[in-house]
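Chemist: No letters, just coordinates:
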């Protein structure tokens, strides 16, 4: 028997062909009865079909034969078999030509629009490709033969939200699907059970089919990604069946609450919710013991109910620009290690904030004007970044014994710099008028960055006690006749700041640098500076040298 298109890899004989499961199953011993005349054979087969209610009409099998077979096999008694075989041969020739046309169109389309290292020149190669990425071309339609890429495991479609429906049902080896296609509304996922990653960026996505719960191997589900939000108003309860799901992203302008079954996602590690109308997170989320990272972005003036039920989370980012206060329930996040808060209205932190004993990294962007007295209880805090209106630090701020990095983007009272913990290593300060006289007590300080200094700024004498200090100043003031900033940049650019220990060494390097950059830098040599140099001792320590550079004229 010659079969034009293989229907099932297990088919090797006509008997196997006739007992195909489901729609095309025939009686196993029918071949043995092929000596029956046609009428008796029909009665025999009809009786068998009657006994097996799940079998389809035998006409479907005959149609299948005519579509896929070159000739009927010997031993099957059918009237006018010669004429039938001639008809099948003609049909086969037509199908061969049609098949070649389909492959030619598919090959041409892939070479034109797909992201390839080199063009594909073989039909066999096309049918065996496992990865296909379509770039950001403006494509009106996809070839209807794309479903013939049955070996495809990864399909990425960038851009092109408006194109015709692609039949995914035959791509049952697909493991990764990334698309902005608008046709994904209500799509049946039940045939794509090998999927491990889905990213749907369509802004018109309104319905997620319940069959999404059939994807037992799914690990990543992104309903909206990058800057694309959808219009999903609800999630099906079957989403809780995704037992292997590790990352869930939802970006919706309509979603108001999550289903209770969200608590069944026991493998979930990352949860990203950018849902402007989100009001409720179910209590069941407390069951997610493996949840490590949560991102919540909303537009309402209150945080969604249940946001602090995720007690085991390690990283939490809250972007809620209209929220004015945080609940004392934040202390329930006992395992929290990293916290980021962004709000245009948040001005105070709750008293319970100091109970976040595991917190090691904190970033706040808000018009916050003070820190609670309990802030000093954050004994595990290692890194703190503040974009706020804070001018004073609490008295117990120096009790943050683990704090190593402090980035202040707020006009802090210069006297309060002395309240920093002595173990600080990296310090970033905004515009300041001076450093306190006891600044040298920060002996472990390695990096000091100052955004801008006031006119007349000098380094305190005690800074000489900090032996490994590196200073960077981003000064924009034009009040200085002597451009110490240019000199410092020059030395730093030559990577020789710490190597120059004498005035002569400095003058030599700076002269070379100035000549080298003559066309790009203004002449910053100052006679008063040179005069002062001659008065200095021959050998200068690095810190003394920096102090001298910072002296205004």
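Modeler: Arrived safely, thanks for sending. Remember, it's a predicted structure, so these values are computed and weren't measured experimentally. Residues are numbered from 1 along each chain as shown.

Chemist: okay, now residue 128: neighbour count?
Modeler: Neighbour count of residue 128, defined by other C-beta atoms under 10 Å: 12. Backbone N, C-alpha and C define where each C-beta goes, glycine included.

Chemist: so it makes contact with residue 151?
Modeler: Yes - Residue 128 lies in contact with residue 151 (C-beta atoms under 8 Å); the separation is 5.4 Å.

Chemist: where does this protein have low pLDDT?
Modeler: 1-98, 136-142, 159-167, 181-183, 455-456, 474-553 (pLDDT under 70).

Chemist: can you pull out the helices in it?
Modeler: 14-18, 38-51, 58-68, 81-113, 123-128, 484-493, 503-516, 527-535, 542-550 (DSSP state H).

Chemist: shouldn't residue 457 be in contact with residue 429?
Modeler: No - applying C-beta under 8 Å, one finds residue 457 not in contact with residue 429, separated by 11.5 Å.

Chemist: how close does residue 241 get to residue 186?
Modeler: Counting by C-beta to C-beta, to the nearest Å, the gap from residue 241 to residue 186 is 18 Å.

Chemist: more neighbours, the two?
Modeler: Neighbours per residue, other C-beta under 10 Å: of residue 241 and residue 186, the larger number sits with residue 241, 18 against 12.

Chemist: Check the burial of the nearest residue to that one once chain neighbours are set aside by counting its neighbours.
Modeler: Nearest non-adjacent residue to residue 241, counting by C-beta to C-beta, 6 or more residues apart in numbering: residue 213, 3.6 Å away. Counted by other C-beta under 10 Å, the residues lying close to residue 213 total 20.

Chemist: Any figure for the gap between residue 213 and residue 242?
Modeler: Distance of residue 213 to residue 242, given as C-beta to C-beta: 7 Å.

Chemist: residue boundaries of the strands in the stretch 351-500 of the chain?
Modeler: In the stretch 351-500 of the chain, strands defined by DSSP state E, counting those that start in this stretch lie at 361-365, 383-387, 405-408, 426-432, 447-453, 470-473, listed in chain order.

Chemist: Which positions in the fifth one come out as buried?
Modeler: The one in question is strand 447-453. 448, 450, 451, 453 (16 or more other C-beta atoms under 10 Å).

Chemist: what's the closest of those to residue 198?
Modeler: For these, the residue nearest residue 198 by C-beta to C-beta is residue 451; the value is 44.5 Å.

Chemist: my read: the closest one touches residue 430, true?
Modeler: Yes - using C-beta under 8 Å, residue 451 is in contact with residue 430, at 4.8 Å.

Chemist: Touching, residue 248 and residue 224? I think so.
Modeler: No - applying C-beta under 8 Å as the test, residue 248 and residue 224 come out as separate, 11.0 Å apart.

Chemist: if you count what's nearby, which of these two comes out ahead?
Modeler: In this view residue 248 and residue 224 are compared by other C-beta under 10 Å, and residue 224 has more residues nearby, 26 against 23.

Chemist: quick one, what contacts the more buried one?
Modeler: 200, 201, 205, 230, 249, 250, 251, 252, 274 (C-beta atoms under 8 Å, 6 or more residues apart in numbering).

Chemist: From those residues, pick the one nearest residue 156.
Modeler: residue 201 (11.0 Å).

Chemist: Neighbours of the closest one, how many?
Modeler: Counted with other C-beta under 10 Å, residue 201 comes out at 24.

Chemist: Please apply the same query to the one 4 residues further on.
Modeler: With neighbours defined by other C-beta under 10 Å, the count for residue 205 comes to 25.

Chemist: which residue packs closest to it, ignoring adjacent ones?
Modeler: Ranked by C-beta to C-beta, 6+ apart and with sequence neighbours excluded, the top spatial neighbour of residue 205 is residue 230, at 3.8 Å.

Chemist: you'd agree the one you found is up against residue 208?
Modeler: No - contact criterion C-beta under 8 Å: residue 230 and residue 208 do not qualify, at 9.2 Å.

Chemist: Please name the spatially closest residue to residue 469 (chain neighbours excluded).
Modeler: Once flanking residues are discounted, residue 469 sits nearest to residue 445: 5.7 Å by C-beta to C-beta, 6+ apart.

Chemist: gap between the one you found and residue 406?
Modeler: 10 Å.

Chemist: My understanding was that residue 466 contacts residue 443; is that so?
Modeler: Yes - between residue 466 and residue 443 there is a contact at 5.8 Å, judged by C-beta under 8 Å.

Chemist: Just want to know which of the two has more residues nearby.
Modeler: residue 466 (19 against 13).

Chemist: tally of neighbours for the nearest residue to the more buried one once chain neighbours are set aside?
Modeler: Spatial nearest neighbour of residue 466, excluding adjacent residues (C-beta to C-beta, 6+ apart): residue 445 at 5.3 Å. Residues lying near residue 445 (other C-beta under 10 Å) number 24.
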